[in-house]
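>>> When you get a sec, could you give me coordinates for this:
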Amino acid sequence: MLSVTNSFKIGTAVLNAEPSNDFSCEDNQIKLYLRPKPYGHSKFWRHLLGMARYLMFLQNRRRRIERRVFRDRQNPLDYMDDESLLLNYRFDRQTIFNLCAELEDGLRRPTYRNQSLPVSLTVAIALGYYASGSFQSVLGRAHGVTAMSVSRSIHSVSAELCHLHEHHITFPERQRDIAKVKQDFYNISGFPNVIGAVDGTLVPVIAPSVDEPLYVTRKGFHAINVQGICNAQFEFQNLVVRWPGSTHDAYIWNNSAISRFLAAANLNNSWLLGDSAYPLQTFLLTPILAPTTVAERQYNACHKRTRCIIERTFGLWKMRFRCLHKSGGYLMYSPQRNINIICATGILHNICIRRRIPIPATGDDNNDDNEGDMIQDDGYCNALQQDATGRRVRDRLLQHTFT
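Here you go, the predicted model:
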């Protein structure tokens with residue numbers, strides 16, 4: 001390869017025939033030292049100048065090409081003990097292995113080209129995000145992957161978990177299951193025939209680019225309004241995750257599939273318990289707004305102690321998965337991806353409850369941020385939506401149980 005060497009004399013260049021792997025002339029130096037003489041050989045000098053510039057172009061292009069760097073990935077299942085896994089990922093080792101086996105068909109890459117992430121590391125990254133709500137760059141550095149890989153892991157695991165919701169979030173339909181749920185609720189405060197408690201909670205999200213005003217809550221932040229029904233064991237029996245934060249609880253309930261299911265089913269004196277934001281129906285009992293008798297006050301007290309199980313369930317859910325809690329900031333993805341994350345954590349919450357996995361003591365603020373979020377014009381809404389048949393059911397319950 002020919003290399004051009006700078007000369008001390010302007011307008012003169014020396015050609016060195018020895019091989020060289022480096023070309024060190026700057027563009028302005030080429031123009032200075034290879035400027036053609038004003039007499040003779042101008043065609044030769046123009047050709048040499050063009051060749052020198054082309055060699056510089058090739059050299060700079062080689063310098064701009066960056067080699068791919070495969071980082072030293074750190075799979076927490078390889079070096080963490082169960083206590084550390086529980087603290088950082090909210091699950092013990094065996095449960096994480098079970099999750100990997102359940103999600104493997106949907107997460108396994110068809111090829112190992114480009115050093116694709118193993119299923120165990122993909123699941124661990126997603127669990128780390130659910131548990132902390134941390135930034136993708138922080139999780140990437142902790143696991144030795146890029147922020148883009150973290151994003152793909154979160155969304156792929158969330159989508160796969162949502163496909164399993166029918167196996168993990170189920171409403172009781174068999175008489176044996178319904179009888180057990182009723183007995184568990186009755187043991188709380190003596191309120192009979194309760195098959196679930198219903199309420200709503202707000203999950204903070206980033207302002208979406210489409211229909212942004214619909215997501216602004218009455219408290220001034222953007223959120224998704226989640227309706228949940230739970231049993232006395234803090235398990236979700238039903239989740240509705242689709243409505244923006246400005247939507248009223250009663251509207252979500254009236255447009256939900258579970259409401260239509262209960263209206264069409266023959267429940268034989270079985271009902272849910274809801275607060276005064278919900279309509280009074282034969283299968284949904286609400287508090288009495290202005291109790292005057294001893295029986296009415298006793299009904300309200302038992303109703304409150306039994307119904308608050310759903311508020312405690314929301315609290316446990318957000319304590320376990322801080323990406324949903326105000327202390328974790330807010331979900332920073334598109335509405336559909338945020339919905340998938342919320343549904344996925346609901347499924348994981350039920351898995352934790354059934355396996356009796358404790359919530360680690362992290363030292364964070366463990367107060368539920370749901371209190372006061374759903375305070376709307378409840379009295380007005382309840383007075384307008386009281387069903388006459390529902391009122392007769394409640395009056396009969398007052399007469400037979402609380403008198």
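>>> can you give me the strands for the stretch 101-250 of the chain?
All strands of the stretch 101-250 of the chain, identified by DSSP state E, counting those that start in this stretch, fall at 194-204, 223-230, 236-244.
>>> and residue 304, which of those is closest to it?
strand 194-204 (10.7 Å; Cβ to Cβ). Placement of C-beta: from N, CA and C, glycine included.
>>> if I look at the spatially closest residue to residue 332 that is not a sequence neighbour, how far off is residue 59?
Leaving aside its chain neighbours, residue 332 sits nearest to residue 206 (4.7 Å; criterion: Cβ to Cβ, 6 or more residues apart in numbering). Using Cβ to Cβ, to the nearest Å, residue 206 is found at 45 Å from residue 59.
>>> Could you state which residue of this structure sits nearest its centroid?
Nearest residue to the geometric centre of the chain (Cα atoms, centre = their mean): residue 341, 2.9 Å.
>>> Residue 330 versus that one, what's the distance?
11 Å.
>>> wouldn't residue 195 be in contact with residue 179 here?
No. If you go by Cβ atoms under 8 Å, residue 195 and residue 179 don't touch, sitting 9.7 Å apart.
>>> more crowded one of those two?
Higher neighbour count among residue 195 and residue 179: residue 195, with 22 against 13, using other Cβ atoms under 10 Å.
>>> mind checking how far the residue lying closest to that one once chain neighbours are set aside is from residue 172?
Sequence neighbours aside, residue 270 is the residue nearest to residue 195 in space, at 4.8 Å (criterion: Cβ to Cβ, 6+ apart). Distance of residue 270 to residue 172, computed by Cβ to Cβ: 10 Å.
>>> do the same with residue 248
The value you get for residue 248 to residue 172, if Cβ to Cβ is used, is 27 Å.
>>> and residue 290, which of the three is it?
coil (DSSP: H, G, I helix; E, B strand; the rest coil).
>>> in the stretch 51-200 of the chain, what spans have low per-residue confidence?
61-72, 112-114 (pLDDT under 70).
>>> which residues of the stretch 251-400 of the chain score low on pLDDT?
362-386.
>>> excluding its backbone neighbours, what's nearest residue 274?
residue 198 (4.6 Å).
>>> Surely the one you found is in contact with residue 229?
Yes. Between residue 198 and residue 229 there is a contact under Cβ under 8 Å: 4.8 Å.
>>> which neighbours do these two share?
Taking Cβ atoms under 8 Å, 6 or more residues apart in numbering as the criterion, residue 198 and residue 229 both touch 272, 310.
>>> longest helix anywhere in the chain?
helix 42-64 (DSSP state H).
>>> so how far is that helix off the chain centroid?
54 Å (Cα atoms, centre = their mean, to the nearest Å).
>>> in it, what's buried?
45, 48, 49, 52, 55, 56 (16 or more other Cβ atoms under 10 Å).
>>> Mark out where each domain of the protein begins and ends.
3-64, 76-163, 172-401 (automatic domain parsing).
>>> got the end-to-end distance for the last one?
This points to domain 172-401. 24 Å (Cα to Cα, to the nearest Å).
>>> And the second one, by the same measure?
Length of domain 76-163, first residue to last, Cα to Cα: 26 Å.
>>> How many residues are close by residue 108?
12.
>>> from memory it sits against residue 119, does it?
Yes. If you go by Cβ under 8 Å, residue 108 and residue 119 touch, sitting 5.7 Å apart.
>>> Just give me the neighbour total for residue 392.
Residue 392: 11 neighbours (other Cβ under 10 Å).
>>> and it, that one's in a helix?
Yes. Residue 392 sits within a helix when classified using three-state DSSP.
>>> Quick one: residues contacting it.
Counted by Cβ under 8 Å, 6+ apart, residue 392 has zero contacts.
>>> What separation do you get for it and residue 282?
Applying Cβ to Cβ to residue 392 and residue 282 gives a distance of 8 Å.
>>> Grab the nearest non-local neighbour of residue 309.
residue 197 (5.1 Å).
>>> got a list of what the one you found touches?
Contacts of residue 197 by Cβ under 8 Å, 6+ apart are 185, 229, 230, 272, 273, 274, 306, 307, 308, 309, 310.
>>> If we ignore the residues flanking it in sequence, what's nearest residue 240?
Per Cβ to Cβ, 6+ apart, closest to residue 240 is residue 227, 4.1 Å.
>>> and the one you found, how many neighbours?
24.
>>> buried sites along stretch 320-337?
So for stretch 320-337, counting by 16+ other Cβ under 10 Å, buried means 320-328, 330-331, 333, 335, 337.
>>> farthest-separated two in the residues you listed?
320 and 335 (23.0 Å).
>>> Please report how far the residue nearest to residue 332 lies from residue 330.
From residue 206 to residue 330 the distance is 6 Å (Cβ to Cβ).
>>> before we move on, back to that, any chance of the contacts of residue 197 in CSV, with secondary structure and distance to residue 259 too?
Listed next are the contacts of residue 197 as CSV, based on DSSP: H, G, I helix; E, B strand; the rest coil; distance: Cβ to Cβ, whole Å:
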residue, secondary structure, distance to residue 259
185, helix, 19
229, strand, 10
230, strand, 16
272, strand, 10
273, strand, 14
274, coil, 11
306, helix, 20
307, helix, 17
308, coil, 21
309, helix, 20
310, helix, 16
